[in-house]
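**Student:** coords below, sequence missing:
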């Protein structure tokens with residue numbers, strides 16, 4: 001039996017991401033599946049962070065300034081890489097250390 005962490009399936013579909021009109025969410029079987037989902041999510045996120053760090057390291061090795069690096073992250077954040085994780089180094093490189 002599947003259960004959603006929402007009152008109704010419509011609640012989940014209303015807020016989840018969609019591709020070609022189809023929602024990316026589906027019920028998850030109760031019994032620890034949430035831990036697995038969180039573990040996979042964290043693994044992907046940590047991988048993204050490692051790639052961002054590697055990109056910063058490469059930019060520094062190429063002699064880019066903080067401003068140039070911030071501009072590159074800005075370009076990336078306007079394309080398919082648009083994400084909060086790309087906003088963070090952009091803001092930091094622009095001097096917004098408070099976040």
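**Tutor:** Alright, I've got the coordinates. Being a predicted model, the structure only gives us computed values, none of them experimental. Residues are numbered from 1 along each chain as shown.
**Student:** To what extent is the spatially closest residue to residue 82 that is not a sequence neighbour buried, counted in neighbours?
**Tutor:** Nearest non-adjacent residue to residue 82, counting by C-beta to C-beta, 6 or more residues apart in numbering: residue 76, 7.9 Å away. Heads up, the C-betas are built off the backbone N, CA and C, glycines and all. Other residues near residue 76 come to 18 when the count uses other C-beta atoms under 10 Å.
**Student:** All the helices of the chain, in order from the start?
**Tutor:** Taking DSSP state H, the helices of the chain run over residues 9-15, 33-61, 66-77, 84-93.
**Student:** Name the spans of the protein whose pLDDT lies under the cut-off.
**Tutor:** The chain contains residues with pLDDT under 70 at 1-13, 24-33, 97-99.
**Student:** right, and the helices of the chain - which one's nearest residue 23?
**Tutor:** Nearest to residue 23 among the helices of the chain is helix 9-15 (4.6 Å), distances taken as C-beta to C-beta.
**Student:** Out of the helices of the chain, flag the one nearest residue 22.
**Tutor:** Smallest distance to residue 22 across the helices of the chain (C-beta to C-beta): 9.5 Å, for helix 9-15.
**Student:** Residue 52 versus the residue nearest to residue 82, what's the distance?
**Tutor:** Per C-beta to C-beta, to the nearest Å, residue 76 is found 9 Å from residue 52.
**Student:** what's the overlap in contacts for these two?
**Tutor:** Both residue 76 and residue 52 are contacted by residue 86, under the criterion C-beta atoms under 8 Å, 6 or more residues apart in numbering.
**Student:** Look up how far residue 47 lies from residue 40.
**Tutor:** In terms of C-beta to C-beta, residue 40 sits 11 Å off from residue 47.
**Student:** pretty sure the residue nearest to residue 82 is touching residue 85, no?
**Tutor:** No - between residue 76 and residue 85 no contact is recorded; they are 10.4 Å apart, counting by C-beta atoms under 8 Å.
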